[in-house]
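Asks: sequence and predicted model, in that order:
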Amino acid sequence: MMNKNIVVIKFGTSVLTAGKKTLNKPRMVELVRQCVQLKNAGYQLVLVSSGAVAAGRSQLAKQCGSSLKEKQMLAAIGQGQLIHMWQTLFSLYDISVAQMLLTRADVEHRDRYLTARDTLTELLYHDVVPIINENDAVSSAEITVGDNDNLSAMVAILANANKLILLTDQSGLFTADPRNSPDAELISEVYKVDDELRALAGGSGSSLGTGGMATKLQAADIAQRAGIETIIAKGSESDVITQVINNDAPNTTFLRFSAPLEGRKKWLLSGPKSTGTLIIDKGACEALINHGASLLAKGVTSSQGQFKRGDLVTVKDQNGRIIAKGLCGFSDSELSVIKGCHSSQIEAELGCKSSHEVLHRDDMVLLEYVL
Ligand code: GLU
């Protein structure tokens with residue numbers, strides 16, 4: 001059951017530093033005050049906090065921080081200071097906080113995902129505020145989430161949250177870049193993240209954090225499908241958290257889909273990274289999208305990348321459009337033999353008993369609903 005009162009709030013680096021290079025204490029005091037207000041109103045909070053790299057940078061006399069290795073070092077230096085700051089401020093209100101550092105690898109395997117979910121649930125049950133960041137020091141290219149926007153969508157799913165609030169240096173998504181287009185208008189509601197919106201979002205926004213509007217859209221897209229409302233708002237706005245909850249602050253709200261995915265499918269959406277791609281024909285696209293069918297070998301025209309049986313793969317149509325993600329019943333080498341075959345021929349082709357479906361519908365999430 002979705003808990004109506006669990007809210008995940010993500011603080012971008014630009015919010016915690018008030019646009020400067022180091023953590024801004026008055027800003028953090030103010031944010032904690034607002035969080036406590038929300039908590040007192042009956043909400044359970046999970047925070048996703050960036051700012052470790054910025055905090056680390058302020059502790060080193062020597063200028064550095066452009067290479068990945070240096071950023072990882074700075075995160076390792078700054079994470080302690082960051083959590084200490086949160087802890088000190090929440091303790092003024094007798095509220096305990098907990099640190100959880102996650103990487104994609106921690107949610108990739110279903111058992112680790114469930115363990116992380118249980119820890120979060122237990123913390124909330126004991127009225128503790130979990131404060132989450134990516135475990136930057138151990139994140140290599142394969143396991144990194146890379147930005148705290150996508151991390152916060154992952155966390156919102158883990159926490160079974162109802163709302164995800166992304167606080168940043170902009171009030172939301174605009175029709176043009178508001179920093180150089182005075183006519184830019186704020187988009188207040190988004191039903192579905194599409195290519196047009198992605199084009200609007202462009203690349204990275206602030207120079208301080210990792211994300212930008214593009215990663216916020218990715219996060220909102222995942223959260224919407226999981227049944228979580230996502231809101232982008234400006235962290236420097238006074239009383240922004242309360243205002244967002246009351247829908248008073250300017251913001252962009254991404255409405256939740258009406259038929260959210262069930263638990264295991266939410267994990268598929270948030271957890272594993274796909275290692276390969278299957279290209280499917282028009283008939284298979286129709287069967288998947290219009291009839292919720294499983295993907296059969298007959299509809300697969302080719303595959304790309306290397307994957308084992310049980311790995312997550314992305315499904316694309318002939319035009320390269322992403323249709324679905326799912327756990328593949330065959331390896332890439334098996335698929336190269338059986339692609340285009342009728343299901344009854346698979347056993348003979350592979351010389352052994354195996355799955356009938358390439359992607360079973362229970363192991364697949366559809367990402368495109370309209371043909
Ligand atoms: N994990 C990074 C930090 O704590 C931030 C990543 C991001 O800005 O998205 O500094």
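Replies: Yep, that arrived. Every value quoted in this text rests on a predicted model; they were computed, and no experiment measured them.
Asks: buried ones in the strand or helix carrying residue 326, by neighbour count?
Replies: Using DSSP states H and E, residue 326 sits within strand 322-327. Buried residues in strand 322-327, counted by 16 or more other C-beta atoms under 10 Å: 323-327. Every C-beta, even on glycine, is put in place using the N, C-alpha and C of the backbone.
Asks: what about the nearest residue to residue 214 once chain neighbours are set aside, distance to residue 303?
Replies: Residue nearest to residue 214 in three dimensions, not counting chain neighbours: residue 201, with 4.7 Å by C-beta to C-beta, 6 or more residues apart in numbering. For residue 201, the distance to residue 303 equals 30 Å [C-beta to C-beta, to the nearest Å].
Asks: so these two - more neighbours on which side?
Replies: Taking other C-beta atoms under 10 Å, residue 201 and residue 303 do not tie; residue 303 has more neighbours (24 against 18).
Asks: contacts only, for the more buried one.
Replies: Contact analysis of residue 303 by C-beta atoms under 8 Å, 6 or more residues apart in numbering lists 276-279, 313, 332, 335-336, 339.
Asks: same check on residue 314?
Replies: Neighbouring residues of residue 314 by C-beta under 8 Å, 6+ apart: 274, 276-278, 322, 324-325.
Asks: please identify which of those residues is nearest to the ligand.
Replies: Checking these against the ligand by C-beta to the nearest ligand atom gives residue 274 as the nearest, at 21.4 Å.
Asks: spit out the contact partners of that closest one.
Replies: Contacts of residue 274 by C-beta under 8 Å, 6+ apart are 311-314, 325.
Asks: distance to residue 187, neighbour count and secondary structure added to the contacts of residue 303, as TSV?
Replies: Listed next are the contacts of residue 303 as TSV, based on distance: C-beta to C-beta, whole Å; neighbours: other C-beta atoms under 10 Å; DSSP: H, G, I helix; E, B strand; the rest coil:
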residue	distance to residue 187	neighbour count	secondary structure
276	35	18	strand
277	31	17	strand
278	34	29	strand
279	33	20	strand
313	33	27	strand
332	40	20	helix
335	41	21	helix
336	44	12	helix
339	41	19	coil
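Asks: pLDDT of the longest helix along the chain, averaged?
Replies: In the chain, assigned by DSSP state H, the helix with the most residues is helix 68-91. Mean pLDDT, helix 68-91: 94.
Asks: just checking, next helix/strand downstream of it?
Replies: Next along the chain after helix 68-91, taking DSSP H and E as the criterion, comes strand 97-102.
Asks: and the host helix or strand of residue 289, how far out from the chain middle?
Replies: Using DSSP H and E, residue 289 sits in helix 282-291. From the chain centre to the centre of helix 282-291 is a distance of 27 Å (C-alpha atoms, centre = their mean, to the nearest Å).
Asks: residue 25 is in contact with residue 58, correct?
Replies: No - using C-beta atoms under 8 Å as the test, residue 58 is too far from residue 25 to be in contact (11.5 Å).
Asks: and stretch 274-290, how far apart are its ends?
Replies: Stretch 274-290 has an end-to-end distance of 24 Å (criterion: C-alpha to C-alpha, to the nearest Å).
Asks: which positions within it qualify as buried?
Replies: 274-280, 284-285, 287-289.
Asks: ranges for the strands of the stretch 1-150 of the chain?
Replies: Taking DSSP state E, counting those that start in this stretch to define them, one finds strands in the stretch 1-150 of the chain at 6-11, 44-49, 97-102, 129-134.
Asks: among those strands, which is the most enclosed?
Replies: strand 6-11 (a mean of 27; mean count of other C-beta atoms under 10 Å).
Asks: and that strand, which strands flank it?
Replies: Strand pairing for strand 6-11, using DSSP bridges, gives strand 44-49 (parallel), strand 163-168 (parallel).
Asks: which outside residues touch it?
Replies: 31, 35, 38, 43-51, 124, 148-149, 151-152, 155-156, 159-167, 235, 241, 245.
Asks: any stretches of the chain with poor pLDDT?
Replies: For the chain, the stretches with pLDDT under 70 are 1-4, 65, 203-211, 369-371.
Asks: stretch 137-157 and the ligand, any residue contact?
Replies: Yes - using C-beta under 6 Å from any ligand atom, stretch 137-157 reaches the ligand at 147-148.
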